[in-house]
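[1] let's see this in three dimensions:
(one chain, ligands or ions: 1)
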Amino acid sequence: MVVQATARPVQHESLFDSAVEQFNIAADVIGLDDNMRRILSVCKKELTVHFPVEMDDGSVQVFEGHRVHHNSGPGPTKGGIRYHPDVTLEEVKALAMWMTWKCAVVGLPYGGAKGGVTCNPKVMSQNELQNLTRRFTSEISLMIGPNRDIPAPDVNTNPQIMAWIMDTYSMHHGYSIPGVVTGKPLILGGSEGRSEATGRGCVFAIQEYALKYGMNLQESRVVVQGFGNAGSVAARLLWELGAKVVGVSDSTGGIYNPRGLDIGRVIEHKQFSGSVVGFREAENVTNEALLELPCDILLPAALENVITADNAARVQASLIAEAANGPTTPEADRILWDRGVKVLPDIFANAGGVTVSYFEWVQALQAFPWTEPEVNERLQRIMARAFRAVSSTSEKYNVHMRTAALALAIQRVADFTRVRGIYP
Ligand code: NAD
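    Numbering: from 1, shown residues only. Coordinates of the predicted model:
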């Protein structure tokens with residue numbers, strides 16, 4: 001049965017529609033019953049808040065924010081908080097649903113959640129960002145807590161913002177509660193290895209794939225779109241493993257050298273100039289052209305919806321490892337599957353971040369920090385175990401790895417839900 005290759009293209013109204021379409025494809029594969037589909041295809045709790053923030057010039061602006069819990073069957077919910085002008089409730093709902101599946105793929109005892117505030121942090125001062133974060137935390141404090149829902153960083157949020165969330169929540173309760181949030185600064189109980197975890201986890205996923213399918217990483221050419229937290233770490237680790245990283249990019253454009261880039265020097269160049277563009281030992285390319293460069297492994301590590309029906313036929317890589325969330329549209333998935341291009345899907349390939357967030361939460365609850373080698377070794381074991389489960393599900397149902405990862409995750413969450421039963 002090749003479900004995804006024969007399904008009809010669907011016009012998506014929102015990112016949440018896309019998430020539900022992916023859910024239904026995987027639910028068909030495992031023969032999920034209609035009652036369970038009704039439960040798992042909706043978000044359990046959605047809170048939208050409007051709140052005032054005093055700006056530095058004395059004016060008051062009102063912001064809209066959301067916190068959504070998709071499913072709390074397996075345990076407390078977990079998911080990042082995003083600050084971006086394009087944040088909408090529908091986007092936050094989709095990201096919350098994907099968090100449920102992501103946690104289930106790697107076997108973490110969490111359900112999925114997500115949050116976001118519609119704002120442009122790039123034009124806000126640190127003082128304004130702190131005011132916004134503390135007020136938003138107060139507004140959603142009935143939804144979060146170390147045993148209820150644990151936020152983390154996402155697009156445009158960082159360890160400092162997590163520190164303000166932790167402090168605000170702790171002030172409400174009268175004592176320090178480090179387990180309410182992950183991605184904190186090390187000094188406040190952040191985990192060793194957290195800042196590199198997404199890129200490192202993605203590389204562990206690629207290594208497992210290479211081992212199983214006989215791909216020689218040292219002979220592989222790699223292209224990375226997005227040279228930020230996830231992408232630059234993955235590029236550096238693959239380069240250190242001996243792969244030839246031929247192209248990388250950031251929001252200002254890309255660079256290409258078919259003989260391979262010295263990633264250590266590209267990192268220095270970006271630190272110095274603010275961009276990868278202009279690196280002397282490479283030619284400049286656009287972000288669109290970068291995705292179509294000759295290579296064996298392509299890592300989209302920037303934005304959603306970059307591999308689409310328009311360019312999927314021209315992608316030259318034989319393996320796509322999705323460090324970013326949602327970089328491939330469902331239509332592109334069908335084209336890639338027909339062409340035999342393998343995809344390590346986001347809910348598996350970038351799960352290293354939430355996995356080490358889970359380690360941070362465990363360390364906070366036990367007040368007992370781990371060393372970086374302990375963190376990395378446990379991460380490697382979890383990614384290897386998840387790869388074996390995803391690839392065997394893919395072979396069992398003859399579906400691509402995205403549908404396999406979803407099928408595996410949905411089955412696990414359905415099992416939790418069935419055993420817990422329906423209250424009352
Ligand atoms: P980041 O902000 O550190 O880096 C993003 C990079 O993408 C930057 O280099 C930026 O310049 C680049 N970029 C932005 N717009 C671009 C464009 N139009 N074309 C090419 N590059 C562009 O963010 P990050 O934390 O590395 O996140 C990247 C992706 O990985 C996101 O989809 C995020 O949801 C996903 N992700 C991140 C984590 C994590 O722990 N950081 C975990 C899971 C998933």
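[2] right, is the helix or strand hosting residue 98 up against the ligand?
    Using DSSP states H and E, residue 98 sits in helix 89-105. No. Using CB under 6 Å from any ligand atom, helix 89-105 stays clear of the ligand, coming no nearer than 8.1 Å. (C-beta placed from N, C-alpha, C; glycine too.)
[3] how about that helix as PDB, C-alpha atoms only?
    This file holds the C-alpha atoms of helix 89-105, laid out as PDB (Å, rounded to 0.1, in the frame of the first residue of the first chain):
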ATOM      1  CA  LEU A  89      -3.700  30.600  16.400                       C
ATOM      2  CA  GLU A  90      -3.900  28.200  13.500                       C
ATOM      3  CA  GLU A  91      -0.100  28.100  13.200                       C
ATOM      4  CA  VAL A  92       0.300  27.500  17.000                       C
ATOM      5  CA  LYS A  93      -2.300  24.700  16.900                       C
ATOM      6  CA  ALA A  94      -0.400  23.000  14.100                       C
ATOM      7  CA  LEU A  95       2.900  23.300  15.900                       C
ATOM      8  CA  ALA A  96       1.300  22.000  19.100                       C
ATOM      9  CA  MET A  97       0.000  18.900  17.300                       C
ATOM     10  CA  TRP A  98       3.500  18.200  15.800                       C
ATOM     11  CA  MET A  99       5.000  18.500  19.300                       C
ATOM     12  CA  THR A 100       2.700  15.700  20.400                       C
ATOM     13  CA  TRP A 101       3.900  13.500  17.600                       C
ATOM     14  CA  LYS A 102       7.600  14.500  18.000                       C
ATOM     15  CA  CYS A 103       7.600  13.600  21.700                       C
ATOM     16  CA  ALA A 104       5.900  10.300  21.000                       C
ATOM     17  CA  VAL A 105       8.400   9.400  18.200                       C
END
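[4] let me know the average pLDDT across the helix or strand following that helix.
    Next along the chain after helix 89-105, taking DSSP H and E as the criterion, comes strand 111-118. If you average the pLDDT over strand 111-118, you get 98.
[5] which stretches of the stretch 1-150 of the chain form helices?
    Under the criterion DSSP state H, counting those that start in this stretch, the stretch 1-150 of the chain contains helices at 3-6, 15-30, 34-40, 89-105, 126-140.
[6] so which of those helices gets nearest residue 317?
    Residue 317 lies closest to helix 3-6 among these, at 18.9 Å (CB to CB).
[7] can I get the helices of the stretch 1-150 of the chain in a markdown table with distance to residue 379?
    Shown next, in a markdown table, are the helices of the stretch 1-150 of the chain (distance: least, CB to CB, whole Å):
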| stretch | distance to residue 379 |
| --- | --- |
| helix 3-6 | 29 |
| helix 15-30 | 25 |
| helix 34-40 | 27 |
| helix 89-105 | 14 |
| helix 126-140 | 28 |
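[8] deepest in the core, which of these is it.
    Among the helices of the stretch 1-150 of the chain, ranked by average contacts under mean count of other CB atoms under 10 Å, first place goes to helix 89-105 (a mean of 26).
[9] tell me how far that helix lies from the chain's centre.
    From the chain centre to the centre of helix 89-105 is a distance of 10 Å (CA atoms, centre = their mean, to the nearest Å).
[10] check contacts around the residue of the stretch 201-350 of the chain found nearest the ligand.
    Across the stretch 201-350 of the chain, the shortest distance to the ligand (CB to the nearest ligand atom) belongs to residue 228, at 1.7 Å. By CB atoms under 8 Å, 6 or more residues apart in numbering, the contact list for residue 228 reads 250, 301, 302.
[11] what's the burial count for the first one?
    What it means is residue 250. 22 (other CB atoms under 10 Å).
[12] in contact with the closest residue to it other than its chain neighbours, which residues?
    Once flanking residues are discounted, residue 250 sits nearest to residue 227: 4.6 Å by CB to CB, 6 or more residues apart in numbering. By CB under 8 Å, 6+ apart, the residues touching residue 227 are 235, 248, 249, 250, 266, 270, 276, 301.
[13] the residues you listed into TSV, with extra columns for secondary structure and pLDDT?
    Shown next, in TSV, are these (DSSP: H, G, I helix; E, B strand; the rest coil; pLDDT from 0 to 100):
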residue	secondary structure	pLDDT
235	helix	98
248	strand	98
249	strand	98
250	strand	96
266	helix	98
270	helix	97
276	coil	98
301	coil	97
